[in-house]
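Colleague: predicted model, plus sequence, below.
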Amino acid sequence: MTTILGIRHHGPGSARSVLAELERLQPDALLVEGPSDANSLIDLIEDPAMRPPVALLVYAPDEPRVASFYPFADFSPEWVALRWALEHDIPARFIDLSAGAQFAAAKAEFQRRMAEATAAAEADNADGHGEAGVEPENVRHDPLNELAKAAGEEDGERFWDRLVESRRDPGDLFAAVSEAMTAVRGALPERDDLTLQREAAMRRGIRQATKEGFTNIAVVCGAWHAPALEKLPSAAEDDRTLRALPKPIKTAAAWVPWTFDRLAAESGYGAGIESPGWYAHLWSGTEPLAVSWMARVGALFRAEGMDASAAHLVEAVRLAETLAAMRGRAVPSLSELNEAVRACLAMGSDLPIALVRDRLIVGQVMGETPPDAPVAPLAADLEQLTRRLRMKPEPGQKTIDLDLRNDTDRARSHLLHRLTILGILWGQTQQVYGKSGTFHEIWVLAWQPEFVIDLVAASRFGNTIEEAASNFSIEEATKAEELPALTTLIEAVLLAALPKAIELVVDRIGDVAAVGADVPALMDALPPLARVLRYGNVRGTDATAVSTVVDGLVARICIGLGGAAASLDDDAAAAFSRKVDGVHGAIALLDDADDRASWREALRRLIDQAGLHGLVAGRATRLLLDEGVIDSSDATRRMRLVLSPGAEPAVGAGWVEGFLRDSGTILLHDQDLFDAIDRWVTDMQQDAFENVLPLLRRTIATFSVPERRSIGERILAGRRDRTAATNAGIDEARADLVMPILAKILGVGEERP
């Protein structure tokens, strides 16, 4: 006898019904919908260190990015069934199509579609017609939504939750589920080839168990597949269906920790549910349900500093139970509980409800796997490092402040930077302000279960995080042909403390810089190297090998600066002026007297260069003025020349933008510069003013708010002074004689009929 138990993946009501049915049936074999190439990992389920949510990761070792996850929670019916079988010493196995076969089928389908698209495009080009006819895709209907519509409801998820998952008495659930799905499949037949092949593989698994002598078989599968497994067609028919599959791809499998937010449908998981945290609460069986849930909500509100008195909670429970009774429900569902929280605790606001959804309804829970479970060597090394450094991966976001003078914090920083090099973005650095910024790093950590795939993919570079990051950096350096990429890489490997990679990357930078003639590229390369030299020792790394490369870069930039600045259009000039700022800041950071002198001389030659774009000339002039190389009178003279009536207004606007960009304070302290710009703007023709106005507005937008306010007040004060000076010679007595006549002419003060 074979009994089909059609369930909803990750449904507590389904799990409770499966458990009750297994106790009643006492089967001699359990077959579960799941990848058959992961059967060797089933025994680990009973390990005490295995704490759901967890997932089976099945991947192709030769192509680690080709992978699939099969998640399980405490309340997943398949998990409950497998644990029951292991506890009762009942043989259990997965009978779905192997993941390797599904990978091969997906790859073949992708290649087929690409070939069809190419053929269609070629046909369009050949006959000149519009879009070629394409076979429409099979439209997938959600069976839960179809059942809900038939019952006169709109939300299939809530419909199923009310009838199945929230119920406390299992009853004769599976016969009803099978009947309902048979009706839906009769109206909407399954046409997806892969689904039909999977069902054929599951039927083959049932036949195999029967052939082995099992007489009381229980099969746990998705409700949609139940009708297809209850009545078995001939074995020959299923063989023909499976014969169309390509050769399976070789796979490996492992258990990995999972999180509730990755079980949620909003994460993109195909079999996802809307409320993993709520389902976990349902599975816990804490009675009365509404009271225990509101207790958790109250604890959350208090932890976040919000009001949640006992009276509020009692009122919320009463309201939820009343709403459920009015709607004909024995116990409140999540809908009634949410409405009660909004009315009694959130005072109608949606913000607290969003908090409840994030922390309780979805939940921030992460599972654990046994230490001796099979994993990639790189993942094992990461687990060892995180245990030693007390950096356990956790769901949700967490901010940490690392003091780089501390050995443990410095080791944590090295680990996070090494993972970043490998593309595993567990942490994101944040900007640090103040004197302590040199010694501190702020990281926002957010672990994602999918990082295990990245670890598997990175395993080809080494068996430890340090080795893999170092080898990856060396490979990237060998392939890089441009200096900016290499200088960004050297900064990363120094932050990650990878001495083996540092030596090779530095040598590679020297080789590329020696033959490179692109001065803008050299200018882009200098700032990261300057940061390396300035802050390397703070992080306990030796960056002295970079100093020789930096000296060579500075010399070549200073020599080639004038040629690189020639014949620039507006966009190129804007980009070049930013590069000039970057080099200027880098040389200030290096604080080397020889480099600073060479750079000042290069800028001095630049501002005297004929045909130089106004934006670059203005920027170089401002930098020299700030450095004290030229004085205010020289800067004012140059400004008046470029802003003279005979000069092109657009050139003058570019010069002013370069000179004043990011700081207008100088206009508050230098009256000559202020007067030069004021006179230039005041005397400009209307059409010219309209043309340069956008440039002026863009320049002023870079000023801080206090600077803009102070400049505006100074302009207004100057206008008042001039107006007062102009009005000083007026004879007020004679002017008063004119006013009545002028009022009559203008019609001012007369009563209108």
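Modeller: Yep, it's here. Residues are numbered from 1 along each chain as shown.

Colleague: surely residue 493 is in a strand?
Modeller: No. With DSSP: H, G, I helix; E, B strand; the rest coil as the criterion, residue 493 is assigned helix and is not in a strand.

Colleague: mind checking how far it is from residue 427?
Modeller: 17 Å (C-beta to C-beta, to the nearest Å). In this view, the C-beta of every residue, glycine as well, is placed from N, C-alpha and C.

Colleague: equivalent analysis for residue 527, please.
Modeller: 23 Å.

Colleague: next: residue 56.
Modeller: 27 Å.

Colleague: one more: residue 324?
Modeller: Counting by C-beta to C-beta - residue 324 and residue 427 are separated by 45 Å.

Colleague: those two - which one has more neighbours?
Modeller: residue 427 (25 against 19; other C-beta atoms under 10 Å).

Colleague: what bridges to residue 440?
Modeller: Judged by DSSP bridges, the bridge partners of residue 440 are residue 403.

Colleague: let the chain start at 484 from now.
Modeller: In the new count, where the first residue is 484, that last one comes out as residue 923.

Colleague: who's in contact with it?
Modeller: Neighbour list for residue 923: 884-887, 915 [criterion: C-beta atoms under 8 Å, 6 or more residues apart in numbering].

Colleague: quick one, strands of this protein?
Modeller: Using DSSP state E, the strands of the chain run over 485-490, 512-518, 537-543, 546-555, 575-579, 700-705, 735-740, 880-886, 910-913, 923-929.

Colleague: show me the contacts for the residue lying closest to residue 1105 once chain neighbours are set aside.
Modeller: Excluding its sequence neighbours, the residue lying closest to residue 1105 (C-beta to C-beta, 6 or more residues apart in numbering) is residue 1142, at 4.6 Å. By C-beta under 8 Å, 6+ apart, the contact set of residue 1142 is 1101-1102, 1104-1105, 1118, 1122.

Colleague: again with residue 874
Modeller: By C-beta under 8 Å, 6+ apart, the neighbours of residue 874 are 868, 895, 898, 928.

Colleague: so residue 882 sits against residue 924, correct?
Modeller: No. Between residue 882 and residue 924 there is no contact, the gap being 11.2 Å when judged by C-beta atoms under 8 Å.

Colleague: between the two, which one's more packed in?
Modeller: Of the pair residue 882 and residue 924, residue 924 is the one with more neighbours under other C-beta under 10 Å, namely 22 against 10.

Colleague: let me know the pLDDT of that one.
Modeller: As predicted, residue 924 sits at a pLDDT of 86.

Colleague: state the distance from the closest residue to it other than its chain neighbours to residue 551.
Modeller: For residue 924, ignoring the flanking residues on the chain, the nearest one in space by C-beta to C-beta, 6+ apart is residue 885 at 4.5 Å. Residue 885 is 36 Å from residue 551, where distance means C-beta to C-beta.

Colleague: check residue 822 too.
Modeller: 38 Å.

Colleague: which one's more surrounded, the two?
Modeller: residue 551 (19 against 16).

Colleague: the more buried one pairs with what?
Modeller: residue 541.

Colleague: I'd assumed residue 518 was in contact with it.
Modeller: Yes. Residue 551 is within contact range of residue 518, at 7.4 Å (criterion: C-beta under 8 Å).

Colleague: who touches both of the two?
Modeller: 541, 582, 585.

Colleague: for residue 540, see how far away the second one is.
Modeller: Just to be clear, that refers to residue 582. Taking C-beta to C-beta, one finds residue 582 at 10 Å from residue 540.

Colleague: ok, now residue 907?
Modeller: In terms of C-beta to C-beta, residue 907 sits 15 Å off from residue 540.

Colleague: neighbour count: the two, which is higher?
Modeller: residue 540 (28 against 25).

Colleague: so who does that one touch?
Modeller: Contacts of residue 540 by C-beta under 8 Å, 6+ apart are 550-552, 736-739, 935-936, 939.

Colleague: just residue 849 next, same as before
Modeller: 536, 740-743, 876-878, 930.

Colleague: would you show me how to pick out the buried ones of those in ChimeraX?
Modeller: Selecting only the buried entries of those in ChimeraX, with 16 or more other C-beta atoms under 10 Å as the criterion:
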select :536,740,741,742,743,876,878,930
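
Colleague: save the contacts of residue 849 as a markdown table, and put in pLDDT and distance to residue 577 too.
Modeller: Shown next, in a markdown table, are those (pLDDT from 0 to 100; distance: C-beta to C-beta, whole Å):
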| residue | pLDDT | distance to residue 577 |
| --- | --- | --- |
| 536 | 91 | 18 |
| 740 | 88 | 20 |
| 741 | 88 | 17 |
| 742 | 87 | 23 |
| 743 | 87 | 24 |
| 876 | 87 | 27 |
| 877 | 84 | 30 |
| 878 | 81 | 27 |
| 930 | 89 | 28 |
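
Colleague: quick one, what contacts residue 582?
Modeller: 518, 520-521, 541, 551, 734, 736.

Colleague: ok, residue 1158 - contacts?
Modeller: Counted by C-beta under 8 Å, 6+ apart, residue 1158 has zero contacts.

Colleague: tell me how far it lies from residue 1141.
Modeller: Distance from residue 1158 to residue 1141, by C-beta to C-beta: 20 Å.

Colleague: with residue 633 instead?
Modeller: Residue 633 is 71 Å from residue 1141, by C-beta to C-beta.

Colleague: again with residue 902
Modeller: From residue 902 to residue 1141 the distance is 41 Å (C-beta to C-beta).

Colleague: which residues of the stretch 684-833 of the chain score low on pLDDT?
Modeller: Low-confidence segments of the stretch 684-833 of the chain (pLDDT under 70): 748-754.

Colleague: all helices for it, in order.
Modeller: Using DSSP state H, counting those that start in this stretch, the helices of the stretch 684-833 of the chain run over residues 709-713, 718-726, 743-746, 759-767, 772-786, 793-809, 817-827.

Colleague: residue nearest the centroid of this protein?
Modeller: residue 908 (9.1 Å; C-alpha atoms, centre = their mean).

Colleague: domain assignment for this protein?
Modeller: Under the assignment automatic domain parsing, the domains of the chain span 485-605+628-744, 769-846, 860-944.

Colleague: neighbours of residue 950, how many?
Modeller: There are 17 residues near residue 950, going by other C-beta under 10 Å.

Colleague: that one contacts residue 944, correct?
Modeller: Yes. Using C-beta under 8 Å, residue 950 makes contact with residue 944 at a distance of 7.2 Å.

Colleague: just the helices in the stretch 484-633 of the chain please.
Modeller: Under DSSP H, counting those that start in this stretch, the stretch 484-633 of the chain gives helices at 495-508, 560-570, 582-610, 626-633.

Colleague: closest to residue 1055 out of these?
Modeller: helix 582-610 (37.2 Å; C-beta to C-beta).

Colleague: roughly how far is the closest one from the heart of the chain?
Modeller: Put simply, helix 582-610 sits 30 Å off its chain's centre (C-alpha atoms, centre = their mean, to the nearest Å).

Colleague: now the angle between helix 718-726 and that helix, please.
Modeller: For helix 582-610 against helix 718-726, the angle by axes from the mean of the first three to the mean of the last three C-alpha atoms, to 10 degrees is 60 degrees.

Colleague: what's the angle between helix 582-610 and strand 512-518?
Modeller: Using the same axes, to 10 degrees: helix 582-610 against strand 512-518 is 30 degrees.

Colleague: compute the number of surrounding residues for residue 488.
Modeller: 24.

Colleague: show the contacting residues for it.
Modeller: 500-501, 504, 560, 564, 657, 701-704, 709.
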